[in-house]
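[1] Need a 3D model of the sequence below.
(one chain, ligands or ions: 2)
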Amino acid sequence: MRFFNTYPPHIVHKVQYTSRYNRLTAIATLGSHCALQVLKGAKDEGLKTILVCEKKREKLYRRFSFIDELILVDSFSAILEQKYQSILEQNNAVLIPHGTLIAQMSSEQIESIKIPIFGNKWILRWESDRIMKEKLMREAKLPIPKSVKDAKDIDNLVIVKRQGAAGGKGYFLAANKEDYNKKREHLISQGVIGKDETLYIQEYVAGVLAYLQYFYSPLNEELEFFGADQRHESDIEGIARIQSEYQLKSTKVPSFNVIGNSPIVLRESLLDEVYAMGDNFVEAAKKLVSPGMNGPFCIEGVYDENAKFTSFEFSARIVAGTNIYMDGSPYYSLLFNEPMSMGKRIAREIKNAEKINQLDKITT
Ligand SMILES: Nc1ncnc2c1ncn2[C@@H]1O[C@H](COP(=O)(O)OP(=O)(O)O)[C@@H](O)[C@H]1O
Ligand SMILES: [Mg+2]
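    Ligands and ions are numbered 1, 2, ... in the order given. Now for the predicted structure:
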């Protein structure tokens with residue numbers, strides 16, 4: 001039982017503080033997405049904080065005194081350069097991956113990063129590639145919407161997506177092949193999507209959206225449910241606010257570009273299934289992508305009118321939806337007797353691993 005403990009008990013009781021603990025790791029991340037939360041959490045845990053910051057955002061991030069060091073770059077891909085990797089290495093830094101890393105770098109680039117990455121960097125490829133993603137979700141026995149191989153087979157409402165964590169930009173709905181072609185061409189002409197881009201077509205599922213946020217600790221082999229959020233996506237949300245007569249006149253293709261997040265608390269009777277899905281996902285990841293789904297992840301989907309969940313995708317790292325719980329989430333207040341954000345939980349895991357000399361177990 002871990003209730004009202006701040007450390008997994010078997011770690012606290014068994015561990016002797018080693019000298020290595022005095023040489024604490026620094027936490028580094030890219031300046032975007034959930035960087036503030038991650039670095040504040042790290043600072044609260046007494047770790048050094050480093051932000052890889054695009055020059056154009058320097059002014060923003062200088063406002064926050066918990067950021068110890070800014071590494072200023074023209075673009076995030078600079079961290080692939082030896083010069084910057086050396087700085088991070090000298091600082092004993094662990095890089096916390098988030099959506100921006102995935103959106104702005106290829107899987108090959110991410111995998112080539114030399115410094116330790118928190119969690120499993122190999123699983124990020126499974127997040128970026130929609131076909132691999134589907135495979136892992138099937139292995140996890142998640143109920144998933146039907147995918148459509150060819151636009152000519154669209155016979156129901158579908159959502160058309162891009163690869164990677166595109167943040168919903170350029171995604172569109174289509175009811176049949178003609179509709180698909182018309183919208184695709186429109187978006188190509190506007191430069192929103194590329195002419196040769198491989199799009200992924202998936203059955204549209206209507207219902208209440210819920211993004212389920214978890215943390216799996218390989219140190220104590222336990223799955224934690226952190227919380228759930230909803231995304232506010234523009235301008236699909238905007239279109240719902242106008243009368244149908246104006247919707248019908250609109251020629252714009254609405255997008256699913258995420259603008260922000262808000263909390264949702266699930267009916268307690270749904271929690272058992274939430275844990276089961278998380279457990280299954282962790283099991284499947286262990287099987288398909290060694291060393292498995294370590295650290296934070298998110299299962300994203302829709303509850304229908306019978307409270308049946310269908311999952312349309314997952315994120316294999318911290319999601320920005322955890323930003324709503326910087327002071328701790330409702331479910332973590334049941335597990336920890338202190339305010340615990342996801343950023344702080346990550347830093348806590350790193351400290352726990354360091355104490356028992358097992359940083360290798362939680363990084364790749
Ligand atoms: N099958 C689906 N049914 C209904 N809505 C969906 C479906 N798939 C995606 N969406 C909507 O589109 C958004 C973006 O899709 P998602 O697969 O999460 O892509 P991304 O990797 O860019 O986050 C979701 O947050 C949700 O609002
Ligand atoms: Mg998503």
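[2] Within range of ligand 1, give me the residues from the stretch 1-150 of the chain.
    Pro145 (C-beta under 6 Å from any ligand atom). Using the backbone N, CA and C atoms, a C-beta is placed for each residue, glycine as well.
[3] same thing but 8 Å
    Residues of the stretch 1-150 of the chain lying close to ligand 1 (C-beta under 8 Å from any ligand atom) are 127, 145.
[4] quick one: the strands in the stretch 1-150 of the chain?
    Taking DSSP state E, counting those that start in this stretch as the test, the strands found in the stretch 1-150 of the chain are 26-30, 48-54, 69-73, 93-95, 147-148.
[5] can you put those strands in JSON lines and add mean pLDDT and mean neighbour count?
    Converted to JSON lines, the strands of the stretch 1-150 of the chain look like this (pLDDT from 0 to 100; neighbours: other C-beta atoms under 10 Å):
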{"stretch": "strand 26-30", "mean pLDDT": "98", "mean neighbour count": "26"}
{"stretch": "strand 48-54", "mean pLDDT": "98", "mean neighbour count": "22"}
{"stretch": "strand 69-73", "mean pLDDT": "98", "mean neighbour count": "17"}
{"stretch": "strand 93-95", "mean pLDDT": "98", "mean neighbour count": "26"}
{"stretch": "strand 147-148", "mean pLDDT": "94", "mean neighbour count": "17"}
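[6] okay, the ones you listed in JSON lines with distance to Asp360 next?
    As requested, the strands of the stretch 1-150 of the chain are exported to JSON lines (distance: least, C-beta to C-beta, whole Å):
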{"stretch": "strand 26-30", "distance to Asp360": "17"}
{"stretch": "strand 48-54", "distance to Asp360": "20"}
{"stretch": "strand 69-73", "distance to Asp360": "25"}
{"stretch": "strand 93-95", "distance to Asp360": "11"}
{"stretch": "strand 147-148", "distance to Asp360": "36"}
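[7] Quick one: closest of those to Arg348.
    strand 26-30 (11.3 Å; C-beta to C-beta).
[8] domains of the chain?
    9-140+206-235+258-362, 147-203 (automatic domain parsing).
[9] Same list, those, but as CSV with distance to Arg241 please.
    Compiled in CSV, those are given as follows (distance: least, C-beta to C-beta, whole Å):
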stretch, distance to Arg241
domain 9-140+206-235+258-362, 10
domain 147-203, 17
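[10] Quick check: which of these is buried the most?
    Mean neighbour count (mean count of other C-beta atoms under 10 Å) peaks for domain 9-140+206-235+258-362 among the domains of the chain, with a mean of 18.
[11] And it, how far out from the chain middle?
    6 Å (C-alpha atoms, centre = their mean, to the nearest Å).
[12] Ok, stretch 204-222 next?
    On C-alpha atoms, centre = their mean, the centre of stretch 204-222 falls 10 Å from the chain's centre.
[13] right, and the strands of the stretch 1-150 of the chain - which one's nearest Lys141?
    Nearest of the strands of the stretch 1-150 of the chain (C-beta to C-beta): strand 147-148, 16.4 Å.
[14] got a list of contacts for that closest one?
    134, 154, 158, 200-203 (C-beta atoms under 8 Å, 6 or more residues apart in numbering).
[15] What is the top helix by length along the chain packed up against?
    Taking DSSP state H as the criterion, the chain has its longest helix at helix 271-288. Packed against helix 271-288 by the contact rule (3 or more C-beta pairs under 8 Å, 6 or more residues apart in numbering; DSSP states H and E) you find helix 130-139, strand 208-217, strand 222-235, strand 295-303, strand 309-315.
[16] Low-confidence ranges, this protein, go.
    By pLDDT under 70, the low-scoring segments of the chain are 1-23, 165.
[17] how about 50 then?
    Per-residue confidence for the chain (pLDDT under 50) gives these ranges: 1-22.
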